[in-house]
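K.L.:
Sequence and computational prediction follow.
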Amino acid sequence: MNYFVVDRGDDISLRLTEQFHQLAKGYGMVLDGTKPDIVLSIGGDGTMLHAFHRFRHLLEHTAFVGIHTGRLGFYADWTPDELEELAQLMYHQTTESRMQIVEYPLVEITFTTAEGMESYLALNEFTLRGIAETMVAQLNINDEMFEMFRGDGICISTPSGSTAYNKALNGALIHPSLEALQIAEIASINNRVFRTLGSPMILPKHHSCDIYPQTKKKVLLSVDHLYLQRDDVLSIRCKVSPDQKVKFARFRPFPFWSRVQKAFIGMDYK
Ligand code: NAP
Ligand code: MN
């Protein structure tokens, strides 16, 4: 079994990485940054975003697992004191070919510029925001004009990203077994002249959302933790990726709703 570790770079994460290499060596696992079977992320959910983008060309092959060195994460759901148990389960379940994999849907984003097209893949979300002025953008759903958006911006999230930025925008939490994307508004302007839907919308697979920025000035585009300032993007197509998903190795069950409960409510009811 080949593995790789992506860590946050802080002292605790670095120490755990070192410990994991030792444990892995004992089990005969091979460190491999080229085509790892498993990528272990040590840090936070942000670290998992880095790990995902670093290995996004290997999504067919590689499964991810995360240890959190801060608060409980959604992608990083193992604690540091479970490191040994994780290494042990990893070794046994991979050698006995009984590793459980869950697959989460991703959002595919395609920019059209005068030069051509560029594709991105989001694990959490894509956002489009104005920088120095109100963002004005036409929104089409399934190739039909839907609305002219005016406000701070638009956030298009995956189900597993629904607990991140989308949640701060009052979007719904979506179970990652649902192949869908969610469109949430960021401070839309609504009055007698300007009108947007005002509520988050959930689109199924095969539906698409096209955004046409109306300004000639730069806009801020983000894909997960990656930020770009551009003035050359003519349109952006967002849809649930038709053929790509992210694989997470589930060495033990930890249901999504339990993670939601532990992360946001956190009380143990007696
Ligand atoms: P960051 O500013 O460190 O992340 C913001 C927070 O979002 C961190 O606490 C991070 O957890 C958490 N987070 C990331 N993915 C999550 C998920 N799927 N579910 C629940 N929480 C999640 O930046 P970053 O670590 O590079 O992460 C980038 C992400 O930050 C973006 O994808 C966006 O979702 C999120 N963000 C949120 C807001 C907001 O809520 N208002 C604004 C901007 C960006 P860790 O501490 O474990 O990394
Ligand atoms: Mn972070």
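P.N.:
Right, received. Where do you want to start? Numbering: from 1, shown residues only. Ligands and ions are numbered 1, 2, ... in the order given.
K.L.:
Just give the number of residues close to Lys218.
P.N.:
When counting by other CB atoms under 10 Å, one arrives at 17 neighbours for Lys218. Yep, even glycine has a C-beta here, placed from its N, CA and C like the rest.
K.L.:
you'd agree it is up against Ile131?
P.N.:
Yes. Under the criterion of CB atoms under 8 Å, Lys218 makes contact with Ile131 at 5.4 Å.
K.L.:
which neighbours do the two share?
P.N.:
Contact criterion CB atoms under 8 Å, 6 or more residues apart in numbering; residues shared by Lys218 and Ile131: Gln229.
K.L.:
Quickly list what Gly151 is bridged to.
P.N.:
Here Gly151 sits in beta bridges with Met135, Ser188, going by DSSP bridges.
K.L.:
and it, what is it in contact with?
P.N.:
Gly151 neighbours (CB under 8 Å, 6+ apart): Thr134, Met135, Glu185, Ile186, Ala187, Ser188, Ile189, Thr196.
K.L.:
number of nearby residues for the residue lying closest to the first one once chain neighbours are set aside?
P.N.:
Sequence neighbours aside, Arg150 is the residue nearest to Thr134 in space, at 5.7 Å (criterion: CB to CB, 6 or more residues apart in numbering). Counted with other CB under 10 Å, the burial measure for Arg150 works out to 20 neighbours.
K.L.:
now do Tyr165
P.N.:
18.
K.L.:
The residue of the stretch 1-150 of the chain found nearest ligand 1 and Arg8, how far apart?
P.N.:
Proximity of the stretch 1-150 of the chain to ligand 1 (CB to the nearest ligand atom) peaks at Gly46, 2.0 Å away. Distance of Gly46 to Arg8, given as CB to CB, to the nearest Å: 7 Å.
K.L.:
And for Thr69?
P.N.:
7 Å.
K.L.:
Now the common contact residues for those two.
P.N.:
Ile42, Gly43, Gly44.
K.L.:
can these go into CSV with extra columns for secondary structure?
P.N.:
Formatted as CSV, these follow (DSSP: H, G, I helix; E, B strand; the rest coil):
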residue, secondary structure
Ile42, strand
Gly43, strand
Gly44, coil
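K.L.:
in the helix or strand containing Leu14, what counts as buried?
P.N.:
In the assignment (DSSP states H and E), Leu14 maps to helix 11-26. For helix 11-26, the buried set under the neighbour-count rule, 16 or more other CB atoms under 10 Å, comprises Ser13, Leu16, Thr17, Phe20, Leu23, Ala24.
K.L.:
where does this structure come near ligand 2, residue by residue?
P.N.:
Taking CB under 5 Å from the ion as the contact definition, the chain meets ligand 2 at Gly44, Gly46.
K.L.:
For the chain, just list every one of the helices.
P.N.:
For the chain, the helices defined by DSSP state H cover 11-26, 45-54, 83-95, 165-168, 256-260.
K.L.:
Let's have those in JSON lines, adding distance to Gln244.
P.N.:
Formatted as JSON lines, these follow (distance: least, CB to CB, whole Å):
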{"stretch": "helix 11-26", "distance to Gln244": "28"}
{"stretch": "helix 45-54", "distance to Gln244": "11"}
{"stretch": "helix 83-95", "distance to Gln244": "23"}
{"stretch": "helix 165-168", "distance to Gln244": "20"}
{"stretch": "helix 256-260", "distance to Gln244": "20"}
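K.L.:
Report whether stretch 108-122 contacts ligand 1.
P.N.:
No. Using CB under 6 Å from any ligand atom, stretch 108-122 stays clear of ligand 1, coming no nearer than 7.9 Å.
K.L.:
picking up where we left off before, just how off-centre is the helix holding Leu14 within its chain?
P.N.:
On the basis of CA atoms, centre = their mean, to the nearest Å, the separation between the geometric centre of helix 11-26 and that of its chain is 25 Å.
K.L.:
just the angle between that helix and helix 83-95, please?
P.N.:
Helix 11-26 runs at 40 degrees relative to helix 83-95, counting by axes from the mean of the first three to the mean of the last three CA atoms, to 10 degrees.
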